[in-house]
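*Asks:* Sequence plus predicted model, see below.
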Amino acid sequence: MASRRVRSFSVTARAMRSRARNTEMTKTLLAGVFLLVSVMAAPTTAQFSEPPLMDKLQAGYYRLKIGKVDMIAVSDGAAAFDILSIVPNEKKEAAARIMAKSLVKTPVFTSVNAYIILLDGHTIMVDAGTGEVFGVKLGKLPDSLRAAGITPESITDILVTHIHPDHTGGLAVGGKKLYPNAKIHVNKKEIDFWTDKSAEAKADGPTKGFFGQVAATVGPYISSGSVQTFEGEAQIFPGIRSIPAYGHTPGHTFYMLEDDGQKIAFMGDTIHVTDAQFEDPSITVAFDVDQKQAAATRVKAFADAAQHEYYIALDHMYFPGIGRLRKVNVGYRWLPAPYINDSAKR
């Protein structure tokens, strides 16, 4: 009898240990799935939930000239984001090591910038910020515009580098146009991709989640006939041309403004890991639809900008996001545009 009790207890103990192991395995698996989903999903307001550092708005705009053309960098805000979570595993260590040289650790304050060009009666904006998509730390673009003396109604044209929600989320609020008089200029490859149901069905990672936001933000401009497409390299305005920069998205596009011997290239999402990708342009992120092509585009763009010494404007570089590149032994050095405040007028 005692022997049977011992055997019974032994069997029960083994069963309990087995269930415990299965439970732990299940927990581990679920944790892994949760981590994968968190990394691969688009950023959410929860990822920007740390208490804000500032209790009052910054100025949010910066004026400059390219040749004789007036330009304004405008801020949509900035928020701390775990940037290493979107770097491929094989590049995480290298990215962290390079970031450490600049005394930067993740999470990193990620800026969202847009740019105004005042050209021959047109008030042109490059990209449109986040709108309501990522919470109150971002979505400040309308406030920055008004502070700079620009109303949403006065925007005549918007040059879209690509249709990601942090670049087109601010086009509409509540499904209604925020820029009622603006014409949207976008690469045909880009608009075709994001309005293609078959492309949505085949997409994975964060790209899949982005499709659902297009109808509410870009949709009102499509339905009103306010979207004008172009293909490849095209002259959009006198002095402004498009440059294909595919990879981050299928139709990702730069815009080059030239006047009086000076140039600036608006490079959209060429940079995400601001303190690492200049030294190692091969570092990509989960948001790149085509990782290999995105890296190749960045390598080519950096080399050209450094060789010809023109300014570049980056949507996620620390505000105002404008500077030049100098080739160094390993990668490139970022040379921020000087802050100039020498107007005699008050």
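*Replies:* Now that the structure is in, tell me what you want to look at.
*Asks:* Which of the three states applies to residue 125?
*Replies:* State at residue 125, reduced to three classes by DSSP: H, G, I helix; E, B strand; the rest coil: strand.
*Asks:* can you pull out the strands in the stretch 201-346 of the chain?
*Replies:* 227-230, 235-237, 240-244, 253-259, 262-266, 311-313, 322-327, 332-336 (DSSP state E, counting those that start in this stretch).
*Asks:* quick check: mean pLDDT across the longest one?
*Replies:* For strand 253-259, the mean per-residue pLDDT is 98.
*Asks:* Paired strands for it, with orientation please.
*Replies:* strand 240-244 (antiparallel), strand 262-266 (antiparallel) (DSSP bridges).
*Asks:* Now it - C-alpha only, CSV.
*Replies:* Coordinates of each C-alpha in strand 253-259 appear next as CSV, following Å, rounded to 0.1, in the frame of the first residue of the first chain:
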residue,chain,number,x,y,z
THR,A,253,11.4,60.4,-53.0
PHE,A,254,13.9,63.2,-52.3
TYR,A,255,13.2,66.8,-53.4
MET,A,256,16.0,69.1,-54.5
LEU,A,257,15.6,72.9,-54.2
GLU,A,258,18.2,75.0,-56.1
ASP,A,259,18.6,78.7,-56.2
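*Asks:* nearest to residue 99, of the strands of the stretch 201-346 of the chain?
*Replies:* Taking Cβ to Cβ, strand 332-336 is the member of the strands of the stretch 201-346 of the chain nearest to residue 99, at 13.3 Å. No exception for glycine: its C-beta is placed from N, CA and C like everyone else's.
*Asks:* which residues touch the closest one?
*Replies:* With contacts defined as Cβ atoms under 8 Å, 6 or more residues apart in numbering, strand 332-336 is touched by 278-279, 281, 302, 306, 317, 322-327.
*Asks:* would you turn those into a markdown table with pLDDT and neighbour count?
*Replies:* Output for the contacts of strand 332-336, formatted as a markdown table (pLDDT from 0 to 100; neighbours: other Cβ atoms under 10 Å):
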| residue | pLDDT | neighbour count |
| --- | --- | --- |
| 278 | 98 | 23 |
| 279 | 97 | 21 |
| 281 | 97 | 22 |
| 302 | 98 | 21 |
| 306 | 98 | 18 |
| 317 | 97 | 22 |
| 322 | 98 | 22 |
| 323 | 98 | 19 |
| 324 | 98 | 18 |
| 325 | 98 | 23 |
| 326 | 98 | 13 |
| 327 | 97 | 13 |
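*Asks:* And these, which is closest to residue 65?
*Replies:* Nearest to residue 65, judged by Cβ to Cβ, of those is residue 322 at 11.7 Å.
*Asks:* The residue nearest the centre of the chain: what's it in contact with?
*Replies:* Centroid-nearest residue in the chain: residue 269, 5.1 Å away (criterion: Cα atoms, centre = their mean). Neighbouring residues of residue 269 by Cβ under 8 Å, 6+ apart: 161-162, 164, 167, 248, 252, 287, 315-316.
*Asks:* List just the nearest of the residues you listed to residue 60.
*Replies:* Nearest member of the contacts of residue 269 to residue 60, counting by Cβ to Cβ, is residue 315, at 14.9 Å.
*Asks:* thinking again about what came up before, and the residue nearest to the centre of the chain, what are its phi and psi?
*Replies:* In terms of degrees, to the nearest 10, the main-chain angles of residue 269 are phi -100, psi 40.
*Asks:* Give the full set of residues in contact with residue 63.
*Replies:* Counting by Cβ under 8 Å, 6+ apart, residue 63 has contacts 70-72, 148.
*Asks:* The one helix or strand it maps to pairs with which strands?
*Replies:* Assessed by DSSP states H and E, residue 63 sits inside strand 61-66. Next to strand 61-66 in the sheet, as set by DSSP bridges, lie strand 69-81 (antiparallel).
*Asks:* next one: the strand it pairs with to chain centre, how far?
*Replies:* 12 Å (Cα atoms, centre = their mean, to the nearest Å).
*Asks:* Could you check that strand and say which residues are buried?
*Replies:* Buried residues in strand 69-81, defined by neighbour count with 16 or more other Cβ atoms under 10 Å: 69, 71-81.
*Asks:* Now name the helix or strand holding residue 184.
*Replies:* Short version: residue 184 belongs to strand 183-187, going by DSSP H and E.
*Asks:* So the spatially closest residue to residue 327 that is not a sequence neighbour versus residue 334, what's the distance?
*Replies:* Of all residues not flanking residue 327 in the chain, residue 306 sits nearest, at 4.5 Å (Cβ to Cβ, 6 or more residues apart in numbering). Using Cβ to Cβ, to the nearest Å, we find residue 306 at a distance of 11 Å from residue 334.
*Asks:* between those two, what contacts are shared?
*Replies:* With Cβ under 8 Å, 6+ apart, residue 306 and residue 334 have common neighbours residue 325.
*Asks:* mind listing the strands in the stretch 1-150 of the chain by residue range?
*Replies:* Secondary structure of the stretch 1-150 of the chain (DSSP E, counting those that start in this stretch): strands at 61-66, 69-81, 108-119, 122-126.
*Asks:* Which among these is found nearest to residue 297?
*Replies:* strand 122-126 (17.6 Å).
*Asks:* who does the closest one touch, helix- and strand-wise?
*Replies:* Packing partners of strand 122-126 (3 or more Cβ pairs under 8 Å, 6 or more residues apart in numbering; DSSP states H and E): strand 108-119, strand 157-159.
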